[in-house]
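**Q** The following comprises the amino acid sequence and a computationally predicted model.
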Amino acid sequence: MIIRKLFKFENAHVVRGCSTVKCRSSIHGHSYKVELLFESNFLDNGQMVYDFGLMKQNMKDLIDSFDHSITLWSQDDKEYIKDMKKHSQRWIELPVSPSAEQFSRVFFIMIDKLLSLTSSVNGEREVKLHSVIVHETESGYAQAFVDDAYSKDMGIIYFSDIIFSDAITDDYKDKKLLEKINNNESFINLDSV
């Protein structure tokens, strides 16, 4: 069975090297929708694959990192990156260009890593991230599956190479969320949310 959770955020970026002149040469923004699709052959004690309420914790904080932020590509012009960080409190620096395709891979890497470190207490079993869909516009989206997320051909993405500004991490419920993920520390789902 597959379940789907939708998140929304506003984000700005430049996608260098793309065909569309406006997209590659001007900062612009989108009202993004991100769908996380989870799968399992089992249901938990509440007869669910994975309680949607559990996704409102650390998963939501990771996705919300991108809300009202500018996303930067670490290989972009160094002066541009420096200026954006100087003039925006909320920024994220990625090791890949912030296209919808790469966003779907980045979100897959982040959520998959968090899920792999999380222990459940309500009978959830073998819950896996099936795919991530990133809607950049009403008519355009990208969907990443596990093979896409970890594809060498598309560029390896390490969680530790995703850099979040202090203004973003200050908003996390768990102030050590990124440190714990990067150190492969365990998370235990709450028994009541």
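**A** It's in.
**Q** Just give me the neighbour total for the closest residue to residue 14 other than its chain neighbours.
**A** Once flanking residues are discounted, residue 14 sits nearest to residue 27: 5.5 Å by C-beta to C-beta, 6 or more residues apart in numbering. Every C-beta, even on glycine, is put in place using the N, C-alpha and C of the backbone. Residue 27 has 10 neighbours, counted by other C-beta atoms under 10 Å.
**Q** for residue 27, what are its contacts?
**A** 12-14, 70 (C-beta atoms under 8 Å, 6 or more residues apart in numbering).
**Q** switch the cut-off to 10 Å
**A** 12-14, 70, 80, 84 (C-beta atoms under 10 Å, 6 or more residues apart in numbering).
**Q** do residue 190 as well
**A** 51, 53-54, 57, 121-122.
**Q** which residues are contacting the helix or strand harbouring residue 178?
**A** Take DSSP states H and E as the rule and residue 178 turns out to sit in helix 177-182. Contacting residues not belonging to helix 177-182 are listed as 57-58, 61-62, 65, 110, 113-114, 116-117, 158-160, 162-164, 168-169, 172, 174, 176, 185-187 [C-beta under 10 Å, 6+ apart].
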